[in-house]
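[1] I would like the atomic coordinates for the input below:
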Amino acid sequence: MEVILSPRRSGKTTRLIEQCAKDGGYIVSISHAEAYRVAQRAREMGLSIPFPLTPPEFVGKHYHGKVIKWFYIDNADMFLQSLTTIPIATITLTDR
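    Numbers count the residues shown, from 1 in each chain. A predicted model of the protein is given here:
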């Protein structure tokens, strides 16, 4: 798992779109509005990606797993927080 860590509006989502278009898979966006924004950005970039999933679709496994190679989680901090109403204080990540 690769971690992209950089400030807001620094190209993180653009990089995810590029990776998704190149390697296949689905982007998971924080909301339907954000999924539409990501899909529109991909079109503007001239890249073809599947329409992004939202957290409820991802958690509920509303996708066809046999054909998905990868997931790309956009704004993972907001994604994790969307799973609970209690603030998340700290997370850990395993470096490969």
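[2] Which stretches in this structure count as helices?
    Ranges of helices in the chain, per DSSP state H, are 12-23, 32-44, 55-59, 76-81.
[3] in the chain, which segments are predicted with low confidence?
    Flagging of the chain using pLDDT under 70 yields the residue ranges 96.
[4] the residue most distant from the middle of it, which is it?
    residue 86 (21.8 Å; C-alpha atoms, centre = their mean).
[5] right, so the helices of the chain: which one is the most enclosed?
    Highest mean neighbour count among the helices of the chain (mean count of other C-beta atoms under 10 Å): helix 12-23, with a mean of 17. C-beta coordinates here come from the backbone N, C-alpha and C atoms, glycine included.
[6] Next, the angle helix 32-44 makes with it.
    With axes from the mean of the first three to the mean of the last three C-alpha atoms, to 10 degrees as the basis, helix 12-23 and helix 32-44 are set at 60 degrees to each other.
[7] can you list the residues that contact helix 12-23?
    Residues outside helix 12-23 that contact it (C-beta atoms under 8 Å, 6 or more residues apart in numbering): 4, 6, 26-27, 38, 41-42, 45, 47-50, 69-70, 72, 74-75.
[8] ok, now with 7 Å
    Here helix 12-23 makes contact (C-beta atoms under 7 Å, 6 or more residues apart in numbering) with 4, 6, 27, 38, 41-42, 45, 47-49, 69-70, 72, 74.
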